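Participant: the amino acid sequence is not available; the structure is as follows:
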């Protein structure tokens with residue numbers, strides 16, 4: 001049960017109890033593959049000059065979003081690219097085929113807000129039926145999640161990350177410039193009750209905004225097998241609020257958690273979950289991700305495709321490779337594969353180096369892909 005009291009979301013965590021039972025049978029939809037796509041067998045992973053291997057593809061499906069979070073874009077939005085500049089359904093299928101033949105095993109669909117895209121379930125189902133793809137994930141702000149959760153559950157989706165920076169109704173309106181916290185909480189509740197295996201909540205941690213809500217978010221893991229992840233604020237906003245004293249570093253977050261919680265136990269998590277804990281006796285996990293500090297660059301396994309079909313070899317990259325135009329001009333998959341490999345060979349040692357090379361600057365995280 002979820003209700004509001006003095007502007008704060010109050011949770012009765014018992015209503016979030018996980019569903020016990022067999023996973024729902026996946027509804028299959030046969031989609032004809034591209035004629036030039038060979039059946040993949042075992043493929044060597046793409047590598048860079050520093051010995052890193054890449055098996056995780058993040059595809060931004062759009063730039064549009066139904067929120068205007070202050071660390072992402074201006075209240076009036078940005079100049080979104082027209083639809084003809086974005087990857088079509090068929091082009092995303094093509095991208096999935098190309099990368100699955102190059103060793104990708106994990107795909108994440110991001111945005112903008114991917115639930116605004118009508119073909120999302122088709123894309124997930126196609127990825128799920130592509131040989132070599134082992135898991136498909138979605139990142140969403142959660143506003144539309146309750147409406148679509150049953151369809152998502154039937155696609156073979158492996159996990160959902162829900163972005164939520166506060167449990168307070170008024171603060172939610174401040175950070176997102178929109179109402180809708182109750183819808184997000186409803187979506188989280190239904191996601192936890194679904195058969196989708198992995199549910200995570202991403203919290204952009206900011207000093208003097210939500211640092212006093214650490215324990216409230218941790219409490220969500222008591223009765224629910226979810227992961228709450230506190231993420232450092234990153235410098236992708238037009239107002240540069242990350243320079244205004246709001247930055248809340250990963251080390252400080254970890255220190256505050258350990259100071260306030262005595263029973264933190266170290267557990268295993270994903271590659272990006274640099275610090276990962278469980279409160280003793282709780283069902284879920286708590287993670288801290290140094291997204292801005294960039295302590296994880298040596299373990300990077302990600303490749304990014306923007307909504308307009310540009311390949312980024314790093315979140316902070318200022319150089320792009322145009323995969324969209326290569327496909328539209330009829331360049332063969334093998335040649336596109338060479339473009340991809342060459343781009344990844346140019347990947348810098350870390351995000352600090354990447355940030356200071358190149359000219360392809362994007363002003364908002366929604367243009368990069370969350």
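Facilitator: Yep, it's here. Since we're looking at a predicted model, the values are computed, not measured.
Participant: and the residue nearest to residue 100 when sequence neighbours are not counted, how far is that from residue 60?
Facilitator: The shortest distance from residue 100 to any non-neighbouring residue, by C-beta to C-beta, 6 or more residues apart in numbering, is to residue 132 (4.3 Å). No exception for glycine: its C-beta is placed from N, CA and C like everyone else's. For residue 132, the distance to residue 60 (C-beta to C-beta, to the nearest Å) stands at 21 Å.
Participant: circling back: just give me the neighbour total for the residue nearest to residue 100.
Facilitator: Using other C-beta atoms under 10 Å, residue 132 has 19 neighbouring residues.
Participant: shouldn't it be in contact with residue 102?
Facilitator: No - at 9.2 Å, residue 132 and residue 102 do not qualify as touching, with contact defined as C-beta atoms under 8 Å.
Participant: quick one: low-confidence ranges for the stretch 51-200 of the chain?
Facilitator: Residues of the stretch 51-200 of the chain that meet the criterion pLDDT under 70 lie in 74-78.
Participant: wait, I meant the stretch 251-370 of the chain
Facilitator: Within the stretch 251-370 of the chain, the stretches with pLDDT under 70 are 294-295, 351-353, 355-370.
Participant: residues in contact with residue 49?
Facilitator: Residues in contact with residue 49 (C-beta atoms under 8 Å, 6 or more residues apart in numbering) are 345, 347.
Participant: cool, residue 117 as well?
Facilitator: Neighbouring residues of residue 117 by C-beta under 8 Å, 6+ apart: 61, 62, 111, 123.
Participant: and which of the residues you listed is nearest residue 254?
Facilitator: Nearest to residue 254 out of the contacts of residue 117 is residue 111 (C-beta to C-beta; 29.1 Å).
Participant: and the gap between the closest one and residue 291?
Facilitator: Counting by C-beta to C-beta - residue 111 and residue 291 are separated by 17 Å.
Participant: also residue 221?
Facilitator: 20 Å.
Participant: what's the answer for residue 108, then?
Facilitator: In terms of C-beta to C-beta, residue 108 sits 15 Å off from residue 291.
Participant: cool, and residue 340?
Facilitator: Distance of residue 340 to residue 291, given as C-beta to C-beta: 24 Å.
Participant: now do residue 209
Facilitator: Distance of residue 209 to residue 291, computed by C-beta to C-beta: 16 Å.
Participant: tell me how many other residues crowd the residue nearest to residue 324 when sequence neighbours are not counted.
Facilitator: With C-beta to C-beta, 6+ apart as the criterion, residue 324 has its nearest non-adjacent residue at 2.5 Å, and that residue is residue 309. Around residue 309 sit 24 other residues, with neighbours defined as other C-beta under 10 Å.
Participant: residue 158 now?
Facilitator: Using other C-beta under 10 Å, residue 158 is surrounded by 20 other residues.
Participant: tell me the contacts of it?
Facilitator: 135, 136, 137, 196, 197, 198.
Participant: surely the third one is in a helix?
Facilitator: No - when DSSP: H, G, I helix; E, B strand; the rest coil is applied, residue 137 is found to be strand, with no helix at that position.
Participant: and it, what are its bridge partners?
Facilitator: Beta-bridge partners for residue 137, by DSSP bridges, are residue 108, residue 159.
Participant: what about it, distance to residue 261?
Facilitator: In terms of C-beta to C-beta, residue 137 sits 28 Å off from residue 261.
Participant: the first one too?
Facilitator: The spacing between residue 135 and residue 261, counted by C-beta to C-beta, is 30 Å.
Participant: just to revisit the earlier point, tell me if I am right that the residue nearest to residue 100 is in a strand.
Facilitator: No - counting by three-state DSSP, residue 132 falls outside a strand, being coil.
Participant: if we can go back for a sec, make a markdown table out of the contacts of residue 158 and add neighbour count and distance to residue 72.
Facilitator: Formatted as a markdown table, the contacts of residue 158 follow (neighbours: other C-beta atoms under 10 Å; distance: C-beta to C-beta, whole Å):
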| residue | neighbour count | distance to residue 72 |
| --- | --- | --- |
| 135 | 17 | 26 |
| 136 | 22 | 24 |
| 137 | 21 | 20 |
| 196 | 23 | 25 |
| 197 | 12 | 28 |
| 198 | 16 | 24 |
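Participant: skipping adjacent residues, who's closest to residue 179 in space?
Facilitator: Of all residues beyond its chain neighbours, the one nearest residue 179 is residue 173 (5.8 Å), with distances taken as C-beta to C-beta, 6+ apart.
Participant: and for residue 302?
Facilitator: Once flanking residues are discounted, residue 302 sits nearest to residue 56: 4.8 Å by C-beta to C-beta, 6+ apart.
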